[in-house]
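[1] Got a predicted structure here, sequence first:
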Amino acid sequence: MKKSLAEIAALLNGTVTDAACIEITGVTNIDDAGPGDITFAVPPHLDKAGKCAAAAVIIPDSVEAFPKPAIRVANPRIAFTTLLSLYTPKPDIPAGVHPAATVSATARLGVNVAVMAYAVVDDQAVIGDNTILYPHTYIGRNTTVGSDTLIYPQVTVRENCQVGSRVIIQSGAVIGSDGFGFVTISGRHEKVPQVGNVIIADDVEIGANACIDRATTGSTIVGRGTKIDNLVHLAHNVVVGENCYFVAQTGIAGSAKIGNNVTFAGQTGCAGHVAIGDNCVFAAKAAPINDVPANSFLAGFPARPHKQWLRSEAAIGRLPDMVRKIRELEKRLAQLESK
Amino acid sequence: MKKSLAEIAALLNGTVTDAACIEITGVTNIDDAGPGDITFAVPPHLDKAGKCAAAAVIIPDSVEAFPKPAIRVANPRIAFTTLLSLYTPKPDIPAGVHPAATVSATARLGVNVAVMAYAVVDDQAVIGDNTILYPHTYIGRNTTVGSDTLIYPQVTVRENCQVGSRVIIQSGAVIGSDGFGFVTISGRHEKVPQVGNVIIADDVEIGANACIDRATTGSTIVGRGTKIDNLVHLAHNVVVGENCYFVAQTGIAGSAKIGNNVTFAGQTGCAGHVAIGDNCVFAAKAAPINDVPANSFLAGFPARPHKQWLRSEAAIGRLPDMVRKIRELEKRLAQLESK
Amino acid sequence: MKKSLAEIAALLNGTVTDAACIEITGVTNIDDAGPGDITFAVPPHLDKAGKCAAAAVIIPDSVEAFPKPAIRVANPRIAFTTLLSLYTPKPDIPAGVHPAATVSATARLGVNVAVMAYAVVDDQAVIGDNTILYPHTYIGRNTTVGSDTLIYPQVTVRENCQVGSRVIIQSGAVIGSDGFGFVTISGRHEKVPQVGNVIIADDVEIGANACIDRATTGSTIVGRGTKIDNLVHLAHNVVVGENCYFVAQTGIAGSAKIGNNVTFAGQTGCAGHVAIGDNCVFAAKAAPINDVPANSFLAGFPARPHKQWLRSEAAIGRLPDMVRKIRELEKRLAQLESK
């Protein structure tokens, strides 16, 4: 791929500052960029970008002077994403079922589906058009996968589940494992059959080695456009809305109901059977143990308003000092009292 | 499956309140239940169940009036579990070795074993009667798996391990990976060979993508009936008693000894080389760093008695207020002193 | 394997205290050792070792009297590791490509490589001499694996990555999964193509079900000799130095730069885009949210100096008492003021 700066600017609805005819052969970050590459920068990285080895830089409209050839755009991050897609050839994956794959005679494949070596598509499963199953994928009985979905190696999607279109599932993720449900009878934990399923809506991404358990009865649901990072755990009967983020190693306990546009930062948790309103944000390692109203920004465990958490954390730092002061106050007070 | 309410009541040792002849065709939760379904309810969900669309509800003996056909039983949760098992047909999995599976000539399979596509049973491994190995299972050399055990796709059980009977291993779990043991010689970490194994007793369940490391020497042991949730980590030489719960994302460090009936809630940890007594409970995100006597209920990190943790957490919320009060006390005291 | 105590002492550069001609047939820990076994002990385990069933014990040079046959060495732990290697026969894994493995015609294999059943080596991949790929391994297009590397079952190494020599990857680990990168356009999270790769240097070990994401652009890098435990997450563009330890369930956010000889204990985290100096140690469950200078020992979240954390934690335990004292001080002060 080779394009002039002017051509790129036109693609991005941006304006070239200089050197419109130089040719751009690569797109990368500031540190790795060399001659021929374009990169992008937003504050506070503009200075660094101005001195880097890149041929050109995508910068915000608002930047006036810049020491290098540049393209000004409204949102450099979005422009950079567009260029990355343009400059990265999609891997050429031939459609068809590999001779060493196993597709049940009762499964149905759409057109242009790729089923790679050692993938298994079990009885009555349905795979939509243009979907790609990498090696060692397991698609269980009666499970449906939509169109244009991409499933990387070693993924399990168990029986009776539904996966939407344009979904991406990273390696090692498990969809539809049994929920963790037991009843204790005479001191022994007996398994509660987990006969529900998992429904993954369109445009969801699921990270490597993430686990989404099937419902006891009914469905565990992940709403459209929600993005789930590596090693996240969603327990049975969790219901997640649209456009949420679950950052790495987050765990959501059973039957929690999560609204739309909610962000759980890394290593957060969430108690079971609680309701989390739309647009909530949980800082790293936080975990709510009760219902949370919409638009809350919480931190800590148990989760409390972020500002309150900051004040408490600051005060904890002063605790040894407080202990000393109280002791001193007691002494001075005793002296006064003894007068 | 179709049974009258009277027939179901007889199965559950319960009593029908009304409409004994209606036919029940499904078993599910309150929210998903429709006509023809039976569900169950315990306080505080009785009101909701009374208004739901289910044909009938399983309720506790102690409930007197109920606005719907119902079956009264001693324990609705257990009764519901019984019905779920009855109404859910077990998947019909044919016994036999799939032509695209690899079973070593020196491995031994019991009767009625299913080895699905691309499963590998390595040299000298032994698989008990009625055990099911889903696709992509790997059973290592000289490893023994008991009878009636169910191993889902993408599970690894490494060499020389022992897995009991009626064990369930969810997808992606790893049994017998090397423990994390190194000695540092001249600044380089040299691997300590991990030559022990893992022993999983009968009736254990292991969650998706959980990891149980083999012992350095000797055995990592999980006792009968213990249930391990997704993404749990048990390090080398951990010894776990019977009927414990390890909820999702819990991590137990090397050589910890855990008693019977212990519960580690979600995202808990446990220091290495400590002993945890029987019947202990650790609240979410807690982690003990010392030995813990039997019957303790601990929270926080480092773990402390739950009541004490609650008092401290409440006090932390009042910290900014305390800072203010101390400052005020100092001022008033200074005024008195200056008189 | 059978050696006399004298022969073993010679191998370990140690000195026998007694019974130089007894024969040692096994090497194990104090608890599991029986007649014929040798074990090792350092304080505070010397008493226990003196009473155990082992035939002999490896002890530190500094121990004078010991009630059993023993070998005195400078470092018993290192000596024990040497013996474990000696007494544990390496599994006999025949070189060659299993007939049920899939190696692309454009891949290149070194000499003496083992590719086991159902492993996939994709186009243009390169595998070095003596490397072992267990069943169900997936090596992506154009990925390079060095020599003498050991990859256990169900591992994914995605396209364009580099894995060094003498690397060990435990089962279920995922190398090169997409980083968690999105831009939000009109309320929808659009994927940022993750076109970088992962570079794993020589002598690294990666734990079961650990995840190392590929860089957005450029490389996610793990330096020589670093050891990564189970269920660890390294996000896109993380750069890790040499000889670090990442204990189980640790998560490092995107673009963090970690120096050499850094230890992250279990369940720790690290904010994105921060720089961690050489030789830092983070106690269990800690997480730095800013840059950390070399040689720091931090604990808690947000991470603070370990001593300070200890003092704060002690003070938190005294908080309910402080609340009481402040109330009392107020009362006494009010009495004085009213005089």
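    Here it is on my side, so go on. Residues are numbered from 1 along each chain as shown, chains lettered A, B, ... in the order given.
[2] The longest helix seen in chain A packs against which elements?
    The residue-count maximum for a helix in chain A (DSSP state H) belongs to helix A:319-338. Applying 3 or more C-beta pairs under 8 Å, 6 or more residues apart in numbering or on different chains; DSSP states H and E, one finds that helix A:319-338 contacts helix B:319-338, helix C:306-317, helix C:319-338. Glycine gets a C-beta too; all of them are placed from N, C-alpha and C.
[3] Identify the residues contacting the last one?
    Contacts of helix C:319-338 with the rest of the structure, by C-beta atoms under 8 Å, 6 or more residues apart in numbering or on different chains, involve A:319, A:322-323, A:326, A:329-330, A:333, A:336-337, B:311-312, B:315-316, B:318-319, B:322, B:325-326, B:329, B:332-333, B:336, C:315.
[4] same thing with the shortest one?
    For helix C:306-317, the external contacting residues (C-beta under 8 Å, 6+ apart) are A:316-317, A:319-320, A:322-323, B:302, B:304, B:308, B:312, B:315-316, C:283, C:297-300, C:304, C:322.
[5] Just the buried residues of the residues you listed.
    Buried members of the contacts of helix C:306-317, counted by 16 or more other C-beta atoms under 10 Å in any protein chain shown: A:316, A:319, A:322-323, B:304, B:308, B:312, B:315-316, C:283, C:297-300, C:304, C:322.
[6] Quick check: residues of the stretch 151-300 of chain A near chain C?
    Contact residues, the stretch 151-300 of chain A versus chain C (C-beta under 8 Å from any C-beta of the partner chain): A:152-154, A:168, A:170-172, A:203, A:205, A:207-209, A:225, A:227, A:229-231, A:243, A:245, A:247-249, A:261, A:266-267, A:284-285.
[7] what stretches of chain A score poorly on pLDDT?
    Chain A contains no residues with pLDDT under 70.
[8] who in the stretch 51-200 of chain A is up against chain B?
    Checking the stretch 51-200 of chain A against chain B by C-beta under 8 Å from any C-beta, the hits are A:100, A:102, A:118, A:120, A:136, A:138, A:141, A:154, A:156, A:158-159, A:172, A:174, A:177-178, A:180, A:182-183, A:185, A:187-193, A:195.
[9] Mind checking which of the residues you listed are in strands?
    Among those, DSSP state E puts A:102, A:120, A:138, A:156, A:174, A:177, A:182-183, A:185, A:188-191 in strands.
[10] A:Met1 reaches A:Tyr87, doesn't it?
    Yes. Counting by C-beta atoms under 8 Å, A:Tyr87 is a contact partner of A:Met1 at 4.9 Å.
[11] which of those two has more neighbours?
    Using other C-beta atoms under 10 Å in any protein chain shown as the criterion, A:Met1 and A:Tyr87 rank with A:Tyr87 on top: 21 against 11.
[12] Which residues are in contact with that one?
    A:Met1, A:Gly26, A:Val27, C:Val195.
[13] What's the local residue count around the second one?
    Residues contacting A:Gly26 under the criterion other C-beta under 10 Å number 19.
[14] what's the spacing between it and A:Asp32?
    According to C-beta to C-beta, to the nearest Å, A:Gly26 stands 9 Å off from A:Asp32.
[15] Between the contacts of A:Tyr87, which sits nearest chain B?
    Nearest to chain B, judged by C-beta to the nearest C-beta, of the contacts of A:Tyr87 is C:Val195 at 26.8 Å.
[16] Skipping its backbone neighbours, what lies nearest the closest one in space?
    A:Thr88 (4.6 Å; C-beta to C-beta, 6 or more residues apart in numbering or on different chains).
[17] Phi and psi next, for the one you found.
    Dihedral pair for A:Thr88: phi -100, psi 110, per degrees, to the nearest 10.
[18] That one contacts C:Gln194, doesn't it?
    No. A:Thr88 is beyond contact range of C:Gln194, at 9.4 Å (criterion: C-beta under 8 Å).
[19] So between those two, which is more surrounded?
    Per other C-beta under 10 Å, whichever of A:Thr88 and C:Gln194 has more neighbours is C:Gln194, with 23 against 14.
[20] wait, the more buried one sits on C:Thr220?
    No. Applying C-beta under 8 Å, one finds C:Gln194 not in contact with C:Thr220, separated by 9.8 Å.
[21] Now do the shared contacts for these two.
    Common neighbours of C:Gln194 and C:Thr220 (C-beta under 8 Å, 6+ apart) are C:Gly179, C:Asp213, C:Arg214, C:His236.
[22] what's the closest of those to chain B?
    C:Asp213 (16.2 Å).
[23] quick one: contacts for that closest one?
    Counted by C-beta under 8 Å, 6+ apart, C:Asp213 has contacts A:208, A:230, C:176-180, C:194, C:198, C:220, C:233-236, C:238.
[24] now A:Ala41: how far from A:Asp31?
    12 Å.
[25] same deal with A:Gly50?
    14 Å.
[26] coming back round to it: mind checking which of A:Ala41 and A:Asp31 has more residues around it?
    The neighbour comparison of A:Ala41 against A:Asp31 (other C-beta under 10 Å) goes to A:Ala41, with 25 against 14.
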